[in-house]
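Novice: Here is my input, please return the structure:
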Amino acid sequence: MPGKRITDHQVLTYKAKRGAHTQAAAAAKVGISERSARRIESLESLPSQRPPRQWRTRPDPLADVWEAELLPLLQTSPHLSAVTLLDELQRRHPGEYGPSALRTLQRRLRHWRATHGRERTVFFAQEHPPGRQGLSDFTDAGDLGVTIAGMPFPHRLYQFALAHSGWRSADVVDGGESFQALSAGLQRALWRLGGAPEEHRTDSLSAAFKNLSDLERREWTSRYAALCAHYGMRPSRNNPGESHENGSIESRHGSLKTALRQALLLRGSSDFDDRPAYEAFIDIVVQRMNARVEKRLAVERAALRPLPARRTAEFDELPARVSKYGIFTVKGEQYSAPSRLIGHRLSVRTYADRVECFLSGQHVFACPRAVRRTGQRHARQIDYRHLVENLKRKPGAFARWVFRDDVFPRTIYRQTWESLSAQLPERQACKTIVGLLALAADGHEATLALELEQLHAGNALPDLDALTQRLAPRPSTVPSVAVTLPTLTSYDELIEVAS
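Specialist: Numbering: from 1, shown residues only. Next up, the predicted model:
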C-alpha cells in the first residue's frame, strides 16, 4: 500500500511463496507491488537491517514557513485547522501556496499534534457484571414520522436497559422529560423485568431541570432519590456534556429507532388509529429485540434484587377548580371537563401520559395528558364531547371561540370547518360544524371522518341532514300490537275434550 513500509514478515512470506507462484502472484498475496517484489529479490538484507532513509523524494513545500510562521500560530492556538492555516498562508504569500499544499499541511499537523500536542481524552472500557447496572434515558422520536389518526405525533421514547444483557424496555412519552415520565417508565421496566439492578444510571437530566425553580429542582432530586431507595438501587449519573459516559444506553437509542424505522417500512404505513395501537407496535418490536438476549438475561435475572411489595406513586396530586368556561388548569396545562363539574374543586392526579380527576374521593373522569403544540402558549387537552351539548344550544359561539382550533378530533374536521367558513354564511357554517361534532360524539367519529374525507376530496360541502340519516337514522315507529286474552271457561272446554 502507498505510504506504508514493507515489514520483515512481508519479505519472508514473499520469499516463501515465491517458490510456488509467479512474482506477481506472490506479491499480491503479501500485499506489495511487483516493483517492490523485484527490489526484494535484488536485496539480501531485511528491511529492519537497513539504515533509515534520510532523504526526501520531493522538496518540502512548507520548509520556508513551518518553523517561522506556522509553529508560532500552533503553539498559541493548538486547535487551528489545516484549512485555516492554508488560508492564512495564501493571504500572507499570494500565489505561492495552492490547494495541493492542503494534504501536506494536514499530514504535518497530524504528526505535530501526536508529538507536541496536548493530551487527549482517554476512554476507559468498563466491565458490566450481571445485575449491577441499569440505565435510563430519553430520546426524541419525532424523526420516525409517526402520525395518530392522520395528525403528526411529536414524542419522545423513554428507554431502560440492562448494561450486561442488553435487555430493554421502551415507553412513549408525549411531552418533555419529567419526573412522572421517568418514574412511570422505570417502574414499568422493573416490574416487566421482575427485579432491580444494584445501580440506576442516568445522564444529567438537564432537560428535565431546565424550566424548574430551585425549590422544584430540590424536590425533583429528593423524589428521585426516594424512588431509587424504594427499589434498593443506588442512583448515579454521568457528568454534564459527557454522553459517552452513558454510552450503553445512547447506542441502544440508535438501534431501537433503526428497528422501529424498519418495522414501519415493513408495515407500509406510519399512521396509527390511536396511541395504544402505536404503543402495542413498539412493544412487539422491543420483544423481538429482547428475544436475542434471552440467554444473557437468564444469567442476569439471577443477580437482580427482589422487587418491593408494591410500586411507589407515579403521579402528582394537585387541586383545580373547573371554571365557567368548562376548563381547569393544572401545572400550566388547560383541560376541558364535563359541564356538570363547573364550579367544583377537583383533585387532579397528573401522570406521565394522563390525568385523572376525583371529586370528594370519587373518580369522575380521565383524559390524556395535555401537549403544547406549535404556536400555543399553554398545553391543551380539549375534549369536544365535554362541550358539544352546550355548543348545540349556542352554535354561533363556535366561530370565535378561544378553543375552537383545539376541539377538532381529527384533521379532516378542521379542513371541513375551513371549507364551511369560506363558502357559507357564518351562522350556517357554525350550525353545520357543531352538528357534525355532535354526530361524531354519538360514536360515529371515525366513520364520519371517512365520509368527510371523500367530500373534501371532491370539493363538496357536507349535508348535515343526509349524513345524520345515513349514520344515525331516527328509530322507526313501533307498531301497536293488540293482545286478546282468552276467557277462563275456554280452558274448561279443553279439559272436557281431553277427558
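Novice: Please, which helix or strand holds Val355?
Specialist: strand 354-359 (DSSP states H and E).
Novice: Distance from the chain centre to the helix or strand following that strand, please.
Specialist: Sequence order places strand 362-368 as the next helix or strand after strand 354-359, per DSSP H and E. Here the centre of strand 362-368 is set off from its chain's centre by 27 Å, with CA atoms, centre = their mean, to the nearest Å.
Novice: partners of strand 362-368 in the sheet?
Specialist: strand 354-359 (antiparallel) (DSSP bridges).
Novice: Report pLDDT for the residue nearest to Ser421 when sequence neighbours are not counted.
Specialist: Nearest non-adjacent residue to Ser421, counting by CB to CB, 6 or more residues apart in numbering: Ala429, 4.8 Å away. (Glycine included, C-beta is placed from N, CA and C.) With respect to pLDDT, Ala429 scores 93.
Novice: so what's Ala429 up against?
Specialist: Taking CB atoms under 8 Å, 6 or more residues apart in numbering, we find Ala429 in contact with Ala399, Trp417, Leu420, Ser421, Gln423.
Novice: Can you show me the strands along the stretch 301-450 of the chain?
Specialist: 316-321, 327-330, 333-336, 345-350, 354-359, 362-368, 379-381 (DSSP state E, counting those that start in this stretch).
Novice: Now find how far off-centre the third one is within its chain.
Specialist: Taking the mean C-alpha point of strand 333-336 and that of its whole chain, the gap between them comes to 24 Å (CA atoms, centre = their mean).
Novice: Show me what counts as buried in the longest helix anywhere in the chain.
Specialist: Ranked by number of residues, the top helix in the chain under DSSP state H is helix 247-267. Residues of helix 247-267 classed as buried: Ser248, Ile249, Glu250, Arg252, His253, Leu256, Lys257, Leu260, Leu264 (neighbour count, 16 or more other CB atoms under 10 Å).
Novice: Touching that helix from outside, list them.
Specialist: 128, 133, 135-137, 139, 141, 143-146, 157, 159, 161, 163, 166, 168, 170, 201, 243-244, 270, 281-282, 284-286, 288-289.
Novice: With stretch 351-359 instead?
Specialist: With CB under 8 Å, 6+ apart as the criterion, stretch 351-359 contacts 172-175, 178, 180-181, 183-185, 314-315, 330, 335, 337, 341, 344, 346-349, 363-370, 381.
Novice: what's the weakest-modelled helix or strand in the protein?
Specialist: Lowest by mean pLDDT, DSSP states H and E among the helices and strands of the chain is helix 206-209, with a mean of 46.
Novice: what's the angle between the helix or strand that comes right after it and strand 316-321?
Specialist: Beyond helix 206-209 in the direction of the C-terminus, DSSP H and E gives the next helix or strand as helix 214-230. Calculated by axes from the mean of the first three to the mean of the last three CA atoms, to 10 degrees, helix 214-230 forms an angle of 130 degrees with strand 316-321.
Novice: in this structure, which residue is closest to the centre?
Specialist: Central residue of the chain (CA atoms, centre = their mean): Ala141, 2.5 Å from the mean position.
Novice: In contact with the closest residue to that residue other than its chain neighbours, which residues?
Specialist: Distance criterion CB to CB, 6+ apart; nearest residue to Ala141, sequence neighbours excluded, is Leu157 at 4.8 Å. For Leu157, the contacting residues are Phe138, Thr139, Ala141, Ala170, Asp171, Val172, Val173, His253, Leu256, Lys257, Ile282, by CB under 8 Å, 6+ apart.
Novice: Shouldn't the fourth one be within a helix?
Specialist: No - assessed by DSSP: H, G, I helix; E, B strand; the rest coil, Ala170 does not belong to a helix; its assignment is strand.
Novice: Below-threshold pLDDT in the chain: ranges please.
Specialist: 1-3, 54-55, 204-217, 220, 239-248, 473-477, 497-499 (pLDDT under 70).
Novice: go again using 50 as the cut-off
Specialist: The model of the chain has pLDDT under 50 over residues 1, 207-211.
Novice: Near Arg168, how many other residues are there?
Specialist: 21 (other CB atoms under 10 Å).
Novice: Identify the spatial nearest neighbour of it, chain neighbours not counted.
Specialist: Per CB to CB, 6+ apart, closest to Arg168 is Ala161, 4.2 Å.
Novice: what about the one you found, which helix or strand?
Specialist: Short version, using DSSP H and E: Ala161 is in strand 156-162.
Novice: how distant is the longest helix of the chain from the center of its chain?
Specialist: On CA atoms, centre = their mean, the centre of helix 247-267 falls 10 Å from that of its chain.
Novice: can you give me the angle that helix makes with strand 156-162?
Specialist: 120 degrees.
Novice: Following the chain past helix 247-267, name the next helix or strand.
Specialist: Assignment by DSSP H and E places the next element after helix 247-267 at strand 271-272.
Novice: Which neighbours in the sheet does that following strand have, and how are they oriented?
Specialist: strand 147-148 (parallel).
Novice: Residues in contact with the strand it pairs with: which ones?
Specialist: Counting by CB under 8 Å, 6+ apart, Phe153, Ser270, Asp271, Phe272, Asp273, Asp274, Arg275, Tyr278 sit against strand 147-148.
Novice: How about stretch 39-59?
Specialist: Counting by CB under 8 Å, 6+ apart, Arg5, Ile6, Thr7, Asp8, Val11, Leu12, Tyr14, Lys15, Arg18, Gln23, Ile32 sit against stretch 39-59.
Novice: Please apply the same query to stretch 367-377.
Specialist: 154, 174-175, 275, 333-336, 350-355, 378-381, 383.
Novice: what about 6 Å?
Specialist: Asp174, Gly175, Glu333, Asp353, Arg354, Ala379, Arg380, Gln381 (CB atoms under 6 Å, 6 or more residues apart in numbering).
Novice: With distance to Pro235 and neighbour count as extra columns, can I get these in TSV?
Specialist: Converted to TSV, the contacts of stretch 367-377 look like this (distance: CB to CB, whole Å; neighbours: other CB atoms under 10 Å):
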residue	distance to Pro235	neighbour count
Asp174	26	18
Gly175	23	18
Glu333	28	20
Asp353	24	19
Arg354	26	14
Ala379	29	17
Arg380	34	20
Gln381	32	16
